[in-house]
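**Q** okay, structure incoming, though there's no sequence with it:
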């Protein structure tokens, strides 16, 4: 069974601060996805990273995939109240019995106070 | 396009009852999956399917059955509901596990 450890589980910060969310595993993933989920709704994709060492930017959000494709991070610069939500990372199995399975981290509940 | 639809949105069951959660997609996606979401545990994969007639177990399959007779539909059956199955259930579809997963709105199930 592949595991993705996501940290921190809760993050409460003031508007304008920076933050980083981490996803770590001992398993190799073929890709790593980041989702954001609003209360009462399903998750919505933010980004997919595929190549080891890859960095993707989405406005104030920066996503990085580790060189060994076992870990990833999400960095938000100058957080805004609109960034409040549940952030989830998800890794796609690289092969063998993991192929076809998407493993999610436990999620990070982010609250940005005005 | 309706995307991914799930019914019902809410359901209350008594222990031992059975029911089917419906999921349908109109995007012609081969890959479909069921997750349950519990506080502090993210989403856990129950079952998934890589195409019509092909299903496989995920991380937490016990107590659930699935079938995939068409590309569009992927129902999840609870055989004999238990309080431990109280959760929010999400169905998702995509071109494959490495691609964007499109989630339905979820079914909130309570088993008493």
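**A** Sure thing, it's come through. Predicted, not measured: the structure shown is a model, and the values here were computed from it. Numbers count the residues shown, from 1 in each chain, chains lettered A, B, ... in the order given.

**Q** quick check: chain neighbours aside, which residue is closest to the most centrally placed residue in chain B?
**A** For chain B, residue B:34 is the residue whose C-alpha lies nearest the centre (Cα atoms, centre = their mean; 3.1 Å). Spatial nearest neighbour of residue B:34, chain neighbours left out: residue B:46 (4.3 Å); criterion: Cβ to Cβ, 6 or more residues apart in numbering or on different chains. Quick note: C-beta positions are derived from backbone N, CA and C, even for glycine.

**Q** quick one, what contacts that neighbour?
**A** B:33, B:34, B:35, B:36, B:58, B:59, B:60, B:61, B:64, B:66, B:76, B:89 (Cβ atoms under 8 Å, 6 or more residues apart in numbering or on different chains).

**Q** what's the answer for residue A:91, then?
**A** A:2, A:4, A:23, A:25, A:27, A:29, A:31, A:32, A:33, A:102, A:103.

**Q** any idea how far chain B is from the fifth one?
**A** By that I understand residue A:27. Remark: distance between residue A:27 and chain B (Cβ to the nearest Cβ, to the nearest Å) = 13 Å.

**Q** for the residue nearest to that residue when sequence neighbours are not counted, report the pLDDT, please.
**A** Distance criterion Cβ to Cβ, 6+ apart; nearest residue to residue A:27, sequence neighbours excluded, is residue A:2 at 4.3 Å. If you check residue A:2, the pLDDT there is 74.

**Q** in contact with residue A:2, which residues?
**A** With contacts defined as Cβ under 8 Å, 6+ apart, the neighbours of residue A:2 are A:25, A:27, A:29, A:91, A:93, A:98, A:101, A:103.

**Q** just say helix, strand or coil for whatever residue of chain A ends up closest to chain B.
**A** Closest to chain B within chain A is residue A:42: 2.8 Å, counting by Cβ to the nearest Cβ. Taking DSSP: H, G, I helix; E, B strand; the rest coil as the rule, one finds residue A:42 in the coil state.

**Q** count of neighbours near the closest residue to it other than its chain neighbours?
**A** Spatial nearest neighbour of residue A:42, excluding adjacent residues (Cβ to Cβ, 6+ apart): residue B:103 at 2.8 Å. Here the number of neighbours of residue B:103 (other Cβ atoms under 10 Å in any protein chain shown) works out to 24.

**Q** quick one, phi/psi of residue B:103?
**A** Torsion angles at residue B:103 (phi, psi; degrees, to the nearest 10) stand at phi -100, psi 150.

**Q** check contacts around it.
**A** Residue B:103 makes contact with A:42, A:43, A:44, B:4, B:90, B:91, B:92, according to Cβ under 8 Å, 6+ apart.

**Q** got CSV for these, with neighbour count, distance to residue A:8 and pLDDT too?
**A** Converted to CSV, the contacts of residue B:103 look like this (neighbours: other Cβ atoms under 10 Å in any protein chain shown; distance: Cβ to Cβ, whole Å; pLDDT from 0 to 100):
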residue, neighbour count, distance to residue A:8, pLDDT
A:42, 23, 23, 94
A:43, 28, 19, 95
A:44, 14, 21, 95
B:4, 24, 30, 97
B:90, 25, 23, 98
B:91, 28, 29, 98
B:92, 25, 26, 97
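
**Q** thought residue B:47 was touching residue B:32?
**A** No. The pair residue B:47 / residue B:32 is not scored as a contact, 9.2 Å apart, by Cβ atoms under 8 Å.

**Q** in chain B, which residue sits closest to chain A?
**A** Closest point on chain B to chain A, by Cβ to the nearest Cβ, is residue B:103, at 2.8 Å.

**Q** before we move on, the earlier item: and the residue nearest to residue B:34, which of the three is it?
**A** Assigned state for residue B:46: strand (three-state reduction, three-state DSSP).
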